[in-house]
Structure formats: C-alpha cells, structure tokens
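Engineer: Turn this into a structure:
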Amino acid sequence: MATSPAYPPHPPYPPHPTGPAAEGGRRHAHWWQRRRVRYGALITLLALSGLVILALVREQTGTEGFLVGLGLAVLPVPLLVAAFRWLDRVEPGPWRNLLFSFAWGACAAALIAIVANSFATRWIATATADPTSADTLGATVIAPIVEESAKAAAVLLIFLFRRRDFTGIVDGVVIAGVTATGFAFTENILYLGTAFGTDQLSGERGLASVTAATFFVRVVMSPFAHPLFTVLTGIGFGVAALSADRQHARRILLPLSGLLLAMGMHAVWNGSSTFGEYGFFAVYAAFMVPAFGLLTWLVIWTRQRELRTVRSELPAYAAAGWLTAPEPFVLGSMRARRLARDYATHHFGKAAARSVAEYEAYATSLAFLRHRGRRGRAGADFVVRERELLDELWRRREVARPSLAYAAVAVAPAAPPRRPWPQPWPLHGQPAPYPTYTPHTHNTTAPYNPYAPHTPYPYNPYRH
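Structural biologist: Sure, this is the predicted structure:
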C-alpha cells in the first residue's frame, strides 16, 4: 500500500539491472515464465475450447441450423460490445482484455456450461427417475451456478493478472459484460439453431415459427440478460479493486456477494417459465427492466464521478508543470476530449489523433492513481507507476497540446471557475520571478519534485 501526500517528493528512476547478473537472470528464467509461452498457451486453450464447443453445437443443431443460428446470434454482439466500450471511454482499457473476455465467454465458459449442465441434468434424471423435474432443477439451480461461475472466472483472471487495467467499478462492469456477451453469443447459436431444426421438422415458416419466437425473446427483448447477471459479479470485483490492500476480507467477500447475486438473478430469470402463462413477462417487466435501469444509472453515475476525479486530481500536475492550466478541465470533459481528437484528425492526421487519445488515457490513469494514493489505496509501485505515466504524457505533449488547447477554447463558456493554483508562468510583458524550468532537461544535482507548486512551466497556449 502506498499513500501520496499533497506534494510528495519524486525519486529518480530505479536503476535497471545490467551486465552479467541481468543476462544470467534472463538466461536462467524458466521457460514457462516467458510471456510468449503464457500467451501461446492461453490462445491455444481458448482456440481448442472454441473448436470443441462449435462442434458440439453443430452436432445438436445440424449444419444448416448452425449457420442460421450463427447468422442471427451475431446481430446483437456489435451493439453490446459498443455499449460497453462507450462506458469505458473515460479510461479505456486495452483491447486485448476485451478480446480475452469475449473469447473466454464464447469458448471456455460456454464449453464448461454445456458439459457441466448436461452431466448434472442427466445425473439428476437418473437419480430421481423424473426427467421433467430434472430439467427444471437444472435450469433454475444448476445452470445459474455453473454458468455464472464460468463467466466470473474471466473477471477473476483479469483482476489478478491485469491489475493495472482493473481499477474500479466501470472496469468490472465492462469486463463482465463483454464476457457475458460472448457467452450469450454461443448460447444463442445453440437455441436458434435448435429452433430452426424444429421448424424444419414441423414445416413452420414466418412469424409463427419457433425460430422467430426464439429470436424475439432472446435477441430483441433480452439481449442484455446474460450481461446483466454477470455485471453484478463485475461490480463486486470493481468495488474490491477500490479497497485497500489490507482489507482482505472485503476484497474476498465483495466479489463473492456479487457472484451470489448474479446466480440469484439468473435463477429467477430461468425459473420465470414455471411461474405460469405470463410468468416470463411478469418477471421481465417487474424485475429485469428495473434492474437493468438501476444498473445503467449506477454505471453512468460512476462514469461521471470518474470525470470529476480527473478534474480534481490533475491540477496538481498542472501546477507542477507537467500539464497546462486548461488541461484538467479538458481531460475531465468527454465533449472536450472528443473535440481534441477531432481537431487532431482534421489538422494533423490519424496518427496525431491516436496520440491525443493515448494522452487522454494516460492522464486519466494518472488522476486515478493519485486519487487512490491520497486515500492510501495505491499499490507499492505507486512512485514507479506515476513516473511511467508522466513520461508517457511528456513524450506526447508536442502532438497533443495544440489539440487540447483548441478544445479548451471551444468549451470555454462551459468551463467552471479555475481553481486558485499558482500561476506557473509570468504574465505577458512581465519578467519571470524565477528561471524557466522544463522537466527532464534541468542541469542540477538536486532531486526534482514534480509536485512542487513553485515549479514553472514555459508553455502557455494563450500567450501572444
């Protein structure tokens, strides 16, 4: 655990190991500890799981049913992924995490679910000699436990091994939602393909067909069902990520509580068909829609809170000279961010727009890191991580700052009153009360403190 005071001193870079010791360390590293080996094993596992689950689905639906189910099941996927990506725009996580989450849900979690559910249902039917009760029990008890646990595994893996990318509730919601989207994609292929096979046998066509009814219920009415369940698990992990390292019980109990809530909601949803002729619609209207609206409000409120955190934490770095004075407001406004990226695209090209987007993302991560540090919830690598983010900003400053300055002027009427941070540059026509300082280029033996309020910064986008 690390804590950041108002203006903490900033040590120099830790020395990197060089020479025979470092070479020997790399030479004697175990082969299974290499990144390429781990990535290769993970990709192979997901690919094999995908091949097996597709073969199982095709066996149950037939080739024609599989193709029809695939074509219909893919329709809601881009919309759901885009919605979760939109929620993550304040501090967008890397695409590799989303790709892993979707692949895990569509391949590994779906394979675990179809094998475990089938085995448990057959075992219950054999033990009780009542196939109907076994199917009901499997849908309302076994399936929620197995499926939500399998999907939660992806959230847990990213929480453990991509901790820098998992910093709050929105990250948990996005990872869980994309994982569940992948799971629902594979499950919809199975249900829609099976419905198409039923219509082939009965000769039904058009709106009266089982395929049309299944498509309406699963794709039109409730494409958010699986994401809604698993998002509860993601919220549990997100709140745990906001907790201090010393709060071990909270970091364990919160994800478990979210998982249990996800299982409970999933069980109610699956059991709605047993509540009578209109049980499904009653559960949908009285339970699912309000829960979806509440969670949507929570996520959007959390996103606005993150923007307020950016606006409140970054002025310290502006006073120290790492950012210009208007940048905390620009980086804390989604409209201003979009204007900066658009300006960079039209005037400097797509590469510059990518640099602006990266600048915005690194600055947001820096604000969240400082926020956690002030609350004593940052990791032991706080200083190293902070310096890494500052360096990433500094390397992109020449490309990003003209666009950010334009966005600051464009949204100036909506800007709140500026906080009384010390003026880091002299007014026009007045001599500087101290020598101009540029970070990383000073020639002094004294350690540099990037938080010191008296440190000036020579760049002023508003000077004439």
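Engineer: Please make it C-alpha for all contacts and neighbour counts, starting now.
Structural biologist: OK.
Engineer: Against Thr194, how distant is the residue nearest the centre of the chain?
Structural biologist: By Cα atoms, centre = their mean, the chain has its centre lying nearest to Asp171, at 3.5 Å. Per Cα to Cα, to the nearest Å, Asp171 is found 35 Å from Thr194.
Engineer: Contact partners for the residue nearest to the centre of the chain?
Structural biologist: Each residue near Asp171 by Cα atoms under 8 Å, 6 or more residues apart in numbering is listed here: Asp88, Gly93, Asp165, Gly234, Gly238.
Engineer: Which of those fall in helices?
Structural biologist: Among these, the members falling in helices (DSSP state H) are Gly234, Gly238.
Engineer: Using TSV, lay out the contacts of Asp171 together with pLDDT, distance to Phe281 and neighbour count.
Structural biologist: Listed next are the contacts of Asp171 as TSV, based on pLDDT from 0 to 100; distance: Cα to Cα, whole Å; neighbours: other Cα atoms under 10 Å:
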residue	pLDDT	distance to Phe281	neighbour count
Asp88	84	32	18
Gly93	82	36	18
Asp165	84	38	17
Gly234	94	27	32
Gly238	91	31	26
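Engineer: Can you get me the centre-to-centre distance for the helix or strand harbouring the residue nearest to the centre of the chain and its chain?
Structural biologist: Assigned by DSSP states H and E, Asp171 belongs to helix 169-202. Centroid separation between helix 169-202 and its chain, computed with Cα atoms, centre = their mean, to the nearest Å, is 20 Å.
Engineer: Output the following helix or strand past that helix as CSV, restricted to C-alpha atoms.
Structural biologist: Using DSSP H and E, the helix or strand that follows helix 169-202 towards the C-terminus is helix 210-215. The C-alpha coordinates for helix 210-215 follow below in CSV (Å, rounded to 0.1, in the frame of the first residue of the first chain):
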residue,chain,number,x,y,z
VAL,A,210,-40.3,-21.3,-33.3
THR,A,211,-37.2,-19.6,-34.8
ALA,A,212,-39.0,-16.2,-34.9
ALA,A,213,-40.3,-16.5,-31.4
THR,A,214,-36.9,-17.5,-30.1
PHE,A,215,-35.2,-14.7,-31.9
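Engineer: Counting neighbours, what do you get for Glu298?
Structural biologist: Small correction: residue 298 is Leu, not Glu. By the measure other Cα atoms under 10 Å, the count of residues near Leu298 is 15.
Engineer: Would you indicate which residues of the strand or helix carrying it are buried?
Structural biologist: According to DSSP H and E, Leu298 maps onto helix 289-313. Across helix 289-313, burial judged by 16 or more other Cα atoms under 10 Å covers 291-292, 295, 299, 302-304, 306-313.
Engineer: So which of these is the closest to Thr63?
Structural biologist: Checking these against Thr63 by Cα to Cα gives Phe292 as the nearest, at 35.3 Å.
Engineer: Flag every buried residue along the helix holding Asp171.
Structural biologist: Residues of helix 169-202 classed as buried: 169-199 (neighbour count, 16+ other Cα under 10 Å).
Engineer: What's the mean pLDDT across the helix holding Leu298?
Structural biologist: Taken as a whole, helix 289-313 carries a mean pLDDT of 89.
Engineer: tell me what it is packed against?
Structural biologist: Judged by 3 or more Cα pairs under 8 Å, 6 or more residues apart in numbering; DSSP states H and E, the packing partners of helix 289-313 are helix 76-87, helix 169-202, helix 327-331, helix 350-374.
Engineer: Select, out of the ones you listed, the one closest to Phe281.
Structural biologist: Proximity to Phe281, assessed across the helices and strands packed on helix 289-313 by Cα to Cα, is greatest for helix 169-202 (19.4 Å).
Engineer: picking up where we left off before, any chance of the helices and strands packed on helix 289-313 in CSV, plus mean pLDDT?
Structural biologist: Below are the helices and strands packed on helix 289-313 laid out as CSV (pLDDT from 0 to 100):
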stretch, mean pLDDT
helix 76-87, 92
helix 169-202, 92
helix 327-331, 91
helix 350-374, 90
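Engineer: With distance to Ser101 as new columns, can those be given to me in TSV?
Structural biologist: Listed next are the helices and strands packed on helix 289-313 as TSV, based on distance: least, Cα to Cα, whole Å:
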stretch	distance to Ser101
helix 76-87	11
helix 169-202	5
helix 327-331	28
helix 350-374	21
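Engineer: and of those helices, who's closest to Asn117?
Structural biologist: Here helix 169-202 is closest among the helices and strands packed on helix 289-313 (Cα to Cα), at 12.6 Å.
Engineer: in the stretch 1-150 of the chain, which spans are helices?
Structural biologist: For the stretch 1-150 of the chain, applying DSSP state H, counting those that start in this stretch gives helices covering 20-27, 35-73, 76-87, 95-103, 110-128, 131-137, 143-161.
Engineer: what's the most buried one of these?
Structural biologist: Mean neighbour count (mean count of other Cα atoms under 10 Å) peaks for helix 143-161 among those, with a mean of 21.
Engineer: neighbouring contacts of it?
Structural biologist: For helix 143-161, the external contacting residues (Cα under 8 Å, 6+ apart) are 97, 101, 104-105, 108-110, 112-113, 116-117, 166, 172, 175-176, 179-180, 183, 229-230, 233-234, 237, 259, 262-264, 266-267.
Engineer: The closest residue to Ile112 other than its chain neighbours and Ala108, how far apart?
Structural biologist: Excluding the flanking residues, the one nearest Ile112 by Cα to Cα, 6 or more residues apart in numbering is Ala150, at 6.8 Å. To Ala108, Ala150 is 8 Å away according to Cα to Cα.
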